[in-house]
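Novice: whatever this is, show me its structure:
(2 chains)
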Amino acid sequence: MEYDENGVSIVPFELKKEIFEEARRDFRYEEYVRGCLNCGVCAGGCPPHRFFDFSPRIVLQKMKSKDPELIWTMMDEYVWACFQCFTCAMICPFLNSPGGVIAILREIAVRRGFESAKKVLKPYSRVLLKLTAYGNQLSPDMIQPDFFPDWGPHIGYASTDLAVKRKAIPMPTLQVTNLAWDVAPEAMKELYDIFDEAGVFKIIESVDPSLYEIIQDIVDDVRSS
Amino acid sequence: MAIEIGNRLGLANVKSDYIHAAGRKLEDIHDELLELEAKGEVKVIHVKDENKPIEAETLFGWKKKIPTNKLWHHKSCGQCGNIPGYPVSLLWFMNKFGIEYIDERNQTSCTAWNYHGSGTSNPVGLAAVAVRNWHRAYELGLFPLFHCATTFGDYKEMRNLLVEHKELRDEVRRIMHKIGRELVIPEYIVHYSEWVHVMRFEIAKLKKYDLSNVIATIHPACHTYKMIPEDCIYDKEIYAGKRTAVSTGIALALGAQVADYSTWYDCCGFGFRHILTEREASRSFVMDRKIRPMVREAQSDVCITQDTGCTTTLDKNQWIGKAMGYTEQVPVMADVMFAALACGADVYKIVQLQWHTTDWRPLCEKIGIDWKKSEDEYDAYLEELKAGGKTVNLYEYPAGK
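Specialist: Residues are numbered from 1 along each chain as shown, chains lettered A, B, ... in the order given. A predicted model of the protein is given here:
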């Protein structure tokens, strides 16, 4: 992708049009984008609207405009501000779902391996690894004081004698430190087959090829076990 | 319309005979699902008599059967790694009531936290993971009970998409056949907090402590009542049926005062990706939009949540507020943990509050719980385990699992 002197990406109009068409072809699009009164109720209730340059009303208005140029302006950092809480969808009088539109646009951004998506998701790679390789997400051993200093001095409690503290939890599934629960290999293998068939591994590859390699090594090990 | 206000602090137990109307064309997906089953398109995991269902009403007055027995625990990939007292408290209650259930290793994450945080999946992937886990419950003859709000929201959405889109059903069915499973859909998608809600009067019979001087503020998880909002429990006797009744219902049943605050509808600031990689946004939201209003407006003694992400976000992000001169603090725990405390569960071994960051000891002292005794016993228990002792479990794996 080319960039102008201000670091803004230069892309042909055809690509912008393609992206808009890709969003509109999503089978959820008609359900998420309906009439819009521009009433702003969604923005009034939107949490990130208070902290970022982000408005679900603008998301809807741009999609309704059908102008690929306007939709392209949301494809960089804009779509990544949304909290995905769906407050907008709950309170919209017309049953629009700006949060749902954001999900579609994010999917396109990662599927096409946009630099903005790669940059935003880089610090998220450990979570992607846990989830994709082990079918789990936040694990006890991820809660480390050096990674969460802003969570206060007590956070060190979780990393001290972690194995014995997890052993003391009276549910056998939870008596592990490297996963939220001890996922059976047969469950992981089924998850890998689903990811293969649904194209999830390909998505990871497009957004983080190095991470994809690491995941594939783990997947191969589990599959051959 | 009869209105009765009995709570000096807020609207939690305002009663009304008002019923929401859909006000727009919105089909009850449950009926459409049964039509598909009649055509042989899908198999349905029904709520049967053996599940001992209790009926509740949803937003538009539709009926929802909440199974209370023969359950398959679908754990949360956030909660189990970080807030273990939440599933443990739930199992503790189920054991008290003699409920049959299975908690096993053969379950994956719903993967929706990741999807909403990173976009690195798609509807086929999400729906196939959902059906995979639903089918596991089905083959065991149990009804799935979802612990996580995001799982609950995502699975409601996937059920709706599967019912409404044949192409998605066909694709998911193809993938299920590849992994030796079938396309099955539960009759109802049920969150653990709904189980707590319909069991609240039974739970209240186990109460050991007087909670009448405890002021609770409620933070329901967005994905329970904002995703597919029509499929969430409302009750005409709680918030006059205008807000979801879940979690408020159990606090009221236990005799706590439920106080209102101006930012009740706000999210917690979790943001899926933000809590991990853009934490400034999350922690600012926590303090400015949730914790400070809860403390300043309601003098809250405890913030009651339902869920993984909210509990983590609201609990962990209070300490850093001191950097901004914020002194407001309130302990945070899921509804079932609060209920377990009230019913005499051990603070450390069952409710597992030791993992929480914001100080919960003043709450225990206000209730009359001797947390120090519990701490001493827990420390001794850890020493026993270090010396090779065996864990006293609430549950053991079924043979061969």
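
Novice: please make it C-alpha for all contacts and neighbour counts, starting now.
Specialist: Will do.

Novice: ok and the residue in the stretch 201-350 of chain B nearest chain A?
Specialist: Nearest residue of the stretch 201-350 of chain B to chain A, counting by Cα to the nearest Cα: B:G271, 3.9 Å away.

Novice: was I right to think that residue contacts B:G117?
Specialist: Yes - with contacts defined as Cα atoms under 8 Å, B:G271 counts as touching B:G117 at a distance of 7.2 Å.

Novice: show me what contacts B:Y86?
Specialist: Counting by Cα atoms under 8 Å, 6 or more residues apart in numbering or on different chains, B:Y86 touches B:Q79, B:A334, B:V336, B:M337, B:V351.

Novice: kindly recompute the last result at 7 Å.
Specialist: B:A334, B:V336, B:M337, B:V351 (Cα atoms under 7 Å, 6 or more residues apart in numbering or on different chains).

Novice: which one of these sits in the busiest neighbourhood?
Specialist: Among the contacts of B:Y86, the one with the most neighbours (other Cα atoms under 10 Å in any protein chain shown) is B:V336, at 33 neighbours.

Novice: can you pull the contacts of that one?
Specialist: Applying Cα under 7 Å, 6+ apart, the residues near B:V336 are B:Y86, B:S89, B:L90, B:V196.

Novice: could you check the pLDDT of the closest residue to B:G344 other than its chain neighbours?
Specialist: Of all residues not flanking B:G344 in the chain, B:K208 sits nearest, at 5.7 Å (Cα to Cα, 6 or more residues apart in numbering or on different chains). The per-residue pLDDT reported for B:K208 equals 98.

Novice: how close does B:K208 get to B:A342?
Specialist: 6 Å (Cα to Cα, to the nearest Å).

Novice: which one of those two has more residues nearby?
Specialist: A count of neighbours by other Cα under 10 Å puts B:A342 above the other of B:K208 and B:A342, at 25 against 17.

Novice: check contacts around the more buried one.
Specialist: Here B:A342 is in contact with B:K207, B:K208, B:Y209 (Cα under 7 Å, 6+ apart).

Novice: per-residue confidence for the residue most central in space within chain A?
Specialist: Taking Cα atoms, centre = their mean, the centroid of chain A lies closest to A:R106, which sits 7.3 Å from it. Confidence at A:R106, expressed as pLDDT, is 96.

Novice: which of the helices or strands spans it?
Specialist: helix A:98-111 (DSSP states H and E).

Novice: chain center to the next helix or strand after that helix: distance?
Specialist: Heading C-terminal from helix A:98-111, the first helix or strand you meet, by DSSP H and E, is helix A:115-121. Centroid separation for helix A:115-121 versus its chain: 11 Å, with Cα atoms, centre = their mean, to the nearest Å.

Novice: tell me the buried residues in helix A:115-121?
Specialist: Across helix A:115-121, burial judged by 16 or more other Cα atoms under 10 Å in any protein chain shown covers A:S116, A:A117, A:K118, A:V120, A:L121.

Novice: what stretches of the chain score poorly on pLDDT?
Specialist: I'll assume chain A. A:1-4, A:6-9 (pLDDT under 70).

Novice: if you could check chain B rather than the one you did, that'd help
Specialist: For chain B, the ranges with pLDDT under 70 are B:1-11, B:13, B:16-25, B:80, B:398-401.

Novice: would you map the strands across it?
Specialist: B:43-45, B:54-57, B:63-66, B:71-74, B:101-102, B:143-146, B:184-186, B:215-218, B:257-258, B:302-305, B:332-334 (DSSP state E).

Novice: may I have the strands that pair with the third one, each with its orientation?
Specialist: Going back to what we said before, that points to strand B:63-66. strand B:54-57 (antiparallel) (DSSP bridges).
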